[in-house]
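# model this:
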Amino acid sequence: MRRIHVIGIGVGDPDHVTTQAIRALNDTRVFFAMDKGSAKSDLIALRREVCRRFIAEPDYRFVELPDPVRDADGDYGTAVADWHAARARLWARAIENELADGEIGAFLAWGDPSLYDSTLRILDDVARHVELTYDVIPGITAVQVLTARHRIPLNDIGEPVLITTGRKLRAQGLSGSAVVMLDGDCAFLDCPPDTRIWWGAYLGTPDELLVAGTVGEVGDRIAAVRADARAHHGWIMDTYLLRA
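Sure thing, here's the model as predicted:
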């Protein structure tokens, strides 16, 4: 039986890797990583750095897999489903070819595998075609790092917090507090000017960026900083908290 660890490794700072994750790293023979092209090579490099820092016996290897292209022009739901299916086929072949029976492989998940990450859904699909078992090691999320960096609680006293996407924020608006992820179009600019925002990008890395204020005060600045950073790095990961 092949075994897979899904290991949450935080959002960029190796010091955020948990003791449980370190044990799982040292248990692993083959690490599978998605190659998203030269613009995002930093993401694989950071995963390799985590392994170099914490694995005592470096007899492991990395298998880099070319990430299938997602259709950016068609229906969003269909495009994501097709992309996940293509990834599942690719992962199934790689696990069968690269991981022997009885060996342990791993996928290193950015942040926590439970939060806006496709790894678990794809592995469920893979498991229908390849005999394997997997476990999940939780990791520190971008949400936790964002609130720590801004030194704020996630919620108002006795109030809930919504975790959503930029697409949903634009369609449904804001009520109360919301953490927004996967926002490529600065949906916060549609919020009322007095909406409070705490924004962060590249959290936990040396390139970390932080801006806070109201949308009216800092919204345009966040949009400009975000555009410049994305142009410079070739990619961006950002998260923000809004309060109406």
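
# in the helix or strand of the chain with the lowest mean pLDDT, what counts as buried?
The weakest-scoring helix or strand in the chain, judged by mean pLDDT, DSSP states H and E, is helix 41-54 (a mean of 90). Buried residues in helix 41-54, counted by 16 or more other CB atoms under 10 Å: Asp42, Leu43, Ile44, Leu46, Arg47, Val50, Cys51, Phe54. For glycine as for every other residue, the C-beta is placed from the backbone atoms N, C-alpha and C.

# and what of stretch 124-143?
Within stretch 124-143, the residues that count as buried by 16+ other CB under 10 Å are 125-127, 130, 132, 134, 136-143.

# Now the terminal residues of it, how far apart.
Terminal residues of stretch 124-143 lie 25 Å apart, using CA to CA, to the nearest Å.

# Could you measure from Thr165 over to Phe62?
As judged by CB to CB, to the nearest Å, Thr165 and Phe62 stand 30 Å apart.

# Please say which of these two ends up with more neighbours.
Neighbours of Thr165 and Phe62, each counted by other CB atoms under 10 Å, are more numerous for Thr165; the result is 16 against 13.

# quick one: the more buried one and Gly184 touch, right?
No: if you go by CB atoms under 8 Å, Thr165 and Gly184 don't touch, sitting 9.7 Å apart.

# re the thing from before, among the buried residues of helix 41-54, which one lies nearest to Leu209?
Relative to Leu209, the closest of the buried residues of helix 41-54 is Asp42; by CB to CB it sits at 14.8 Å.

# Run a quick neighbour tally on the residue lying closest to Arg87 once chain neighbours are set aside.
Among residues not flanking Arg87 along the chain, Ile122 sits closest, at 5.2 Å (CB to CB, 6 or more residues apart in numbering). The number of residues packed near Ile122 is 21, by other CB under 10 Å.

# again with Glu159
9.

# so how far is Ala109 from the closest residue to it other than its chain neighbours?
Using CB to CB, 6+ apart and skipping residues adjacent in sequence, the residue nearest Glu159 is Gly176, 6.0 Å away. Relative to Ala109, Gly176 is positioned 29 Å away (CB to CB).
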